[in-house]
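Undergrad: For reference, the sequence and a predicted model appear below.
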Amino acid sequence: ADGTENWFVVVALPTRSYLELVLFTRARMVVTAFAVGAVSVILMLLMMRSLMHPLRALTRSIGCCASMQLDKMELMEASSVAEIAEIQKSVAYLAIRLYHYQRFLPDRLVLGTAL
């Protein structure tokens, strides 16, 4: 032990089968990422559709209430989203109340022309 140490450099080269495994794994990751992305886009589109349909029906119903064309209101399908379902119930209740006011009050009061 004179203070000099011998160092060796060892280079490990990957074998062909290891490189093939790495490439195969990378390809599977890309396919999996694409599949997850595609499923996410499809689910997002379905969610948007499930929200837009009840919102469009609500918009039409509110328009009928605003123009006092209660006979043109269509029956709304109950939404699975709790907040939208609550608004649907409120609009339906509003339409019923407006219908009763419209039937029993003179036209000029209902249409807001008499002050």
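TA: Structure received.

Undergrad: Show me the shaky parts of the protein.
TA: Screening the chain residue by residue with the criterion pLDDT under 70, one finds the ranges 1-3, 105-115.

Undergrad: So which residues of it form helices?
TA: 16-66, 82-104, 107-110 (DSSP state H).

Undergrad: Now tabulate those helices in CSV and tack on mean neighbour count.
TA: Yep, even glycine has a C-beta here, placed from its N, CA and C like the rest. Shown next, in CSV, are the helices of the chain (neighbours: other CB atoms under 10 Å):
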stretch, mean neighbour count
helix 16-66, 12
helix 82-104, 13
helix 107-110, 12
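
Undergrad: wait, which of the ones you listed is closest to residue 8?
TA: With respect to residue 8, and counting by CB to CB, the nearest of those is helix 16-66 at 22.8 Å.

Undergrad: now the angle from that closest one to helix 82-104?
TA: With axes from the mean of the first three to the mean of the last three CA atoms, to 10 degrees defining the directions, helix 16-66 sits at 10 degrees from helix 82-104.

Undergrad: Helix 16-66 - contacts with which helices or strands?
TA: Based on contacts counted as 3 or more CB pairs under 8 Å, 6 or more residues apart in numbering; DSSP states H and E, the elements that helix 16-66 packs against are helix 82-104.

Undergrad: what comes into contact with the helix it packs on?
TA: 51, 54-55, 57-58, 61-62, 64-65, 68, 70, 73, 76, 78-79, 110 (CB atoms under 8 Å, 6 or more residues apart in numbering).

Undergrad: before we move on, back to that, distance to residue 9 added to the helices of the chain, as a markdown table?
TA: Shown next, in a markdown table, are the helices of the chain (distance: least, CB to CB, whole Å):
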| stretch | distance to residue 9 |
| --- | --- |
| helix 16-66 | 21 |
| helix 82-104 | 67 |
| helix 107-110 | 95 |
